[in-house]
Structure formats: structure tokens, C-alpha cells
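*Asks:* kindly return the folded structure for what I paste below:
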Amino acid sequence: MEAVAAADPLRTAGSTVIGVYTDDEYRTAAIVAMEAPLAARIAAAFALIAPRRIEERIAGGALWVDQFEDVSEVLNILAAMLNADGAPHVRLSTVYDALRTFPPMDVVAWLSSYLPRVDVDVTVKGYGSGTMTVIVAGA
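*Replies:* Below is the predicted model of the structure:
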């Protein structure tokens, strides 16, 4: 994978997959949001599905159950980058596919917030690209 600064950051939850990370007090500590097509591409690469097959699935809209499970596992692995010595421990709490289950408004509000964030355009070699956003409370 390759990531570069995004030209257009994610600001709405429309067609996105959002991982919500909570601390030990069950407060939202961070979110990772990505365009649904990027989530499908990451899931396909994770599961070693042929790139041409994933484009057919992307055209269908919402993630299939197996894609959702695979991208949820990738989001769970990403929790490691949100943990640091001396900082509160965070873990993946919930994953939303906004085309199936729209996230709660407090989660959606994070996308338009001024919390510290990193917006990147991610290219999954051989599969395509899309935008991802990482937003952390109090960073």
C-alpha cells in the first residue's frame, strides 16, 4: 500500500466504512473512516481476491459480509498504530458500513470536526485507491 496526503478529505459519512476506537472508559478515542470502495479493495487484498472480481462487487454498493469481516479485521489490526507507551489504551469497538447501518451522529460529527486528523489517498497495489481519514481525540 502507498499513502499520500489527500486532495479532498473525508468530511461526510455517506458511502464510508468507519471504525470506532474506544478507551478503557468506553469513550470514543479515535475513528478511522474510509470510502467504501477503498474498504472493499483493502478487504480483497487481505483475502487475496482477484482485483477484477472486486470491481464487480464495488459496483454493487454496500460491502458483502465477507468483505465487511475482512476490513473489520484490518481496522482491528490498525488499533496498534493508535496505542503508544504512556497513552490510554484504545481498541476497536464498532465498525459501521454506512450503506447498511448509518453510524450514530456523534461519530458522524467527528468527520467534520477540527480534531487532529490525517487524510490520505491510499493505493492498494493492483486493486485501486481511495481516501482514508484517521481522527484522534486529544492528540
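
*Asks:* how about low-confidence regions in this structure?
*Replies:* 61-62, 138-139 (pLDDT under 70).

*Asks:* residue farthest from the centroid of it?
*Replies:* residue 86 (25.0 Å; C-alpha atoms, centre = their mean).

*Asks:* mind checking how far that one is from residue 134?
*Replies:* Counting by C-beta to C-beta, to the nearest Å, the gap from residue 86 to residue 134 is 20 Å. For the C-beta atoms, the positions are set from N, CA and C on the backbone; glycine is no exception.

*Asks:* hey, what's the residue most central in space within the chain bridged with?
*Replies:* Closest residue to the average C-alpha location of the chain: residue 33 at 3.5 Å, with C-alpha atoms, centre = their mean. Under DSSP bridges, the beta-bridge partners of residue 33 are residue 18, residue 133.

*Asks:* that one: what's it in contact with?
*Replies:* Applying C-beta atoms under 8 Å, 6 or more residues apart in numbering, we find residue 33 in contact with 10, 13, 16-19, 111, 132-133, 135.

*Asks:* other residues contacting stretch 92-112?
*Replies:* Applying C-beta under 8 Å, 6+ apart, the external contacts of stretch 92-112 come out as 10-22, 26, 28, 31, 33, 36, 39, 61-63, 68, 71-72, 75-76, 78-79, 133, 135.
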